[in-house]
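> only the shape, not the letters, is given here:
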């Protein structure tokens, strides 16, 4: 049978046959570790390499650095950051977010000094990692980070337009914009043609429909786009500027930094900031992607951000020393790595090996690539950095001003100045929201202010001493002796505001009124006196049913009462709950449902599945019917909905377990006992309850032990039948072909559960053959049948 009993921790002093080779109180010797590369890591490394190769050359071209510098950074990012970093699945290398910063440094200080700045920035990252401040970097407003990336994307795109048109970009974005009209007067048609071809392939490749499209999309679009442009230029004999990779013997390495100390310090700070923030945010994003891959080992699904900062610092030291570009985590390559099935950091390191091999052995091939094609590729990356998704997100959170100021600041003033400006605006917006409070006063439709209707006071924002005058003025507009609900839609209330509200509350109650102070979700914060019979205080929507009124008051339905409660509940959801779950539901809408469990239970309104299982959206695939019945395959029911749900959950959703949950006081079991559905008029309910007859028959077998509780007998025959029905429906589940197949494979578990409504206590079917339901303790554990 299905089981759930708490497990006892293993005894560390226990010995077995292996204890003869080592002391009894020491752990067994670990077998020697063998280096092994899985096939998944090998194929993922190839996919990442095919993306990294053209992008590394394109980013080096956009910065004005030697093209080999992009390959050096890609190789070092894969080998050093991949080995030492704390995010096993994140791929590091030259990032588009650093293009503008690096281009400006090369223009100001030259290439060798830029390499030295990269080394010093790496040392700074090592220091930050040792201080364990990685989490602090995530405190920066997302609107600032996305605005910074958007500004950098604009600068990249504007600069690369000149190369696409066959010209040469300027160092500043405003200079590039001013020079653009003149550039349009003498366009290099060959460069423009190859750039347009690259962009067309780049955007069309992922959109090829059908089965062929799914197969072709395994090859990265960036590689195909550059390959098509290169092949076209070669076969058509088009004369354009191509990649020029000088001999490695003449490759420039880092030199001593030359320039003003303050300028160099600002440059180091900028590189450190951009590299660190981009890498840490990338690691967090990779963790989100990896969490949707249940086959991954736990250590591959969780990043150590401080170690990641140390790994990035080491990579920048090595890359700068060897004459490479600054290194950071790259979102495009990391996402490709996870989606290609990477299992460990081996894929990241292998991609670095492939880059080294290409840099040494594929120089003649790489030198056939037109520069215009690489420029078009980088321009597309820059455009994609201005993400519409991010714009919608910051707009929804009312941070579009921070985003816009940061973007414009980066474009006009520079990266460091733009980020500082964005942080200043973010702080100002936060202070404004803290000081701004909206107080509204409405009267319920059941009455007017003069007739004693319910008054609603809603306070939106933080309630501080600055809002006390307005709060006091509105509170004193409430007539004496009426019922008043004060809803505090904020997370902070200082002492002055608390005293003002409490004094008014005591005065209003003393004059015969009633006051209820609730929080954002309607939960009570304060009550004037313990006169309420509320038994559901944490679940305020239930107060509309019974808790705050005598049963006699609710026995007669109010006109429109049901509709009012439904509309009121929906309105409360939209106002209080929807803002908190919108992002998670949007993710589920994009990715689709992936529940791990099919939960089959009764349609009884007292059984709230999400409450008793502590689950949320996307966790459970729930099937509810009268009596939590599972018709046997082929049974004449006229309704295949349960069988269809089981087949869909097991074969399509690939759930890992199925739970059949019964409950106390089940009306269906009571009906089975009182009037078995065999004779008389066959109503739809009686026809459905015929699927419960095997449970009745199981109870009637004399030589078979009854299902029971551990420690006590069932209270009555109805509870006995409820327990027996859970056991019987599990037997019906095993008769379904899809369930039987998965059980035989060992990839599916079955569980029996019983919920006692009056006790708010869950019981789970144990492994014992006597069909015993054991009480679930707070630290209980679910075991399969």
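Perfect, thanks for sending it. Since this is a predicted model, take the numbers as computed values, not measurements.

> just say helix, strand or coil for residue 632.
Classification of residue 632 using DSSP: H, G, I helix; E, B strand; the rest coil returns coil.

> residues near it, how many?
Using other Cβ atoms under 10 Å, residue 632 has 14 neighbouring residues. C-betas here are computed from N, CA, C, even on glycine.

> tell me how far it lies from residue 735.
Separation of residue 632 from residue 735 (Cβ to Cβ, to the nearest Å): 6 Å.

> flag the shaky bits of the stretch 101-250 of the chain, pLDDT-wise.
By pLDDT under 70, the low-scoring segments of the stretch 101-250 of the chain are 137-138, 171, 249-250.

> so which residues of it form helices?
Taking DSSP state H, counting those that start in this stretch as the criterion, the stretch 101-250 of the chain contains helices spanning 111-130, 134-137, 142-164, 173-185, 189-204, 210-216, 221-236.

> how big is the angle separating the third one from helix 173-185?
Counting by axes from the mean of the first three to the mean of the last three Cα atoms, to 10 degrees, helix 142-164 lies at 30 degrees to helix 173-185.

> how far is helix 142-164 from where the chain is centred?
In terms of Cα atoms, centre = their mean, to the nearest Å, the centre of helix 142-164 is found 26 Å from the chain centre.

> doesn't residue 486 belong to a helix?
No - Residue 486: not assigned to a helix; according to three-state DSSP it is strand.

> burial count for it?
23.

> that one bridge partners, please.
Beta bridges link residue 486 to residue 457, residue 517, judged by DSSP bridges.

> next one: the spatially most central residue of the chain, what pLDDT does it get?
In the chain, the centroid-proximal residue (Cα atoms, centre = their mean) is residue 288; its distance is 5.0 Å. Residue 288 carries a pLDDT value of 75.

> what's the helix or strand for it?
Under the criterion of DSSP states H and E, residue 288 resides in helix 261-291.

> going by residue numbers, what spans are strands in this protein?
Secondary structure of the chain (DSSP state E): strands at 92-93, 328-329, 438-443, 455-460, 483-489, 514-518, 524-526, 597-602, 620-625, 657-663, 708-709, 749-756, 761-765, 772-775.

> among those, show the one with the smallest mean pLDDT.
Among the strands of the chain, strand 524-526 has the lowest mean pLDDT, at a mean of 45.

> circling back: and among the helices of the stretch 101-250 of the chain, the most buried is which?
Neighbour counts (mean count of other Cβ atoms under 10 Å) averaged over each of these peak at helix 142-164, with a mean of 25.

> so who does the nearest residue to residue 232 once chain neighbours are set aside touch?
If the residues on either side of it in the chain are set aside, residue 232 comes closest to residue 197, at 6.1 Å by Cβ to Cβ, 6 or more residues apart in numbering. Neighbouring residues of residue 197 by Cβ atoms under 8 Å, 6 or more residues apart in numbering: 225, 228-229, 232, 373.

> before we move on, what about residue 739?
646, 650, 658, 733, 748, 750.

> these two touch, right, the fourth one and residue 659?
No - at 10.1 Å, residue 733 and residue 659 do not qualify as touching, with contact defined as Cβ atoms under 8 Å.

> need the overlap of contacts for those two.
In contact with both residue 733 and residue 659: residue 750, using Cβ under 8 Å, 6+ apart.

> for residue 76, give me its contacts.
315, 318-319, 322, 324, 327, 352.

> now it: how far from residue 130?
From residue 76 to residue 130 the distance is 21 Å (Cβ to Cβ).

> low-confidence ranges in the stretch 601-750 of the chain?
Residues of the stretch 601-750 of the chain meeting the criterion pLDDT under 70: 635-638, 677-681, 702-703.

> just the helices in it please.
609-613, 641-647, 667-674, 684-689, 693-700, 717-734, 737-745.

> out of those, nearest to residue 154?
Counting by Cβ to Cβ, residue 154 lies closest to helix 609-613 out of the helices of the stretch 601-750 of the chain; the figure is 44.4 Å.

> which elements pack onto the closest one?
strand 597-602, strand 620-625 (3 or more Cβ pairs under 8 Å, 6 or more residues apart in numbering; DSSP states H and E).

> highest mean neighbour count out of those?
strand 597-602 (a mean of 24).

> partner strands of it, with direction?
Note on strand 597-602: by DSSP bridges, its sheet partners are strand 620-625 (parallel), strand 657-663 (parallel).

> and that strand, how far out from the chain's middle?
For strand 597-602 - counting by Cα atoms, centre = their mean - the centre lies 25 Å from the chain centre.

> can you get me a residue count around residue 330?
30.

> what residues are up against it?
52, 55, 77, 91-96, 282.

> from these, which land in helices?
Counting by DSSP state H, these place 52, 55, 282 in helices.

> please tell me I have it right and the first one contacts residue 92.
Spelled out, that is residue 52. No - using Cβ under 8 Å, residue 52 makes no contact with residue 92, being 10.0 Å away.

> thought residue 705 was touching residue 771?
Yes - between residue 705 and residue 771 there is a contact under Cβ under 8 Å: 6.6 Å.

> quick one: end-to-end length of stretch 78-92, please.
6 Å (Cα to Cα, to the nearest Å).

> in it, what counts as buried?
78-82, 84-92 (16 or more other Cβ atoms under 10 Å).

> any chance of JSON lines for these, columns distance to residue 459?
As requested, the buried residues of stretch 78-92 are exported to JSON lines (distance: Cβ to Cβ, whole Å):
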{"residue": "78", "distance to residue 459": "54"}
{"residue": "79", "distance to residue 459": "57"}
{"residue": "80", "distance to residue 459": "54"}
{"residue": "81", "distance to residue 459": "49"}
{"residue": "82", "distance to residue 459": "52"}
{"residue": "84", "distance to residue 459": "51"}
{"residue": "85", "distance to residue 459": "47"}
{"residue": "86", "distance to residue 459": "43"}
{"residue": "87", "distance to residue 459": "43"}
{"residue": "88", "distance to residue 459": "47"}
{"residue": "89", "distance to residue 459": "45"}
{"residue": "90", "distance to residue 459": "44"}
{"residue": "91", "distance to residue 459": "48"}
{"residue": "92", "distance to residue 459": "48"}
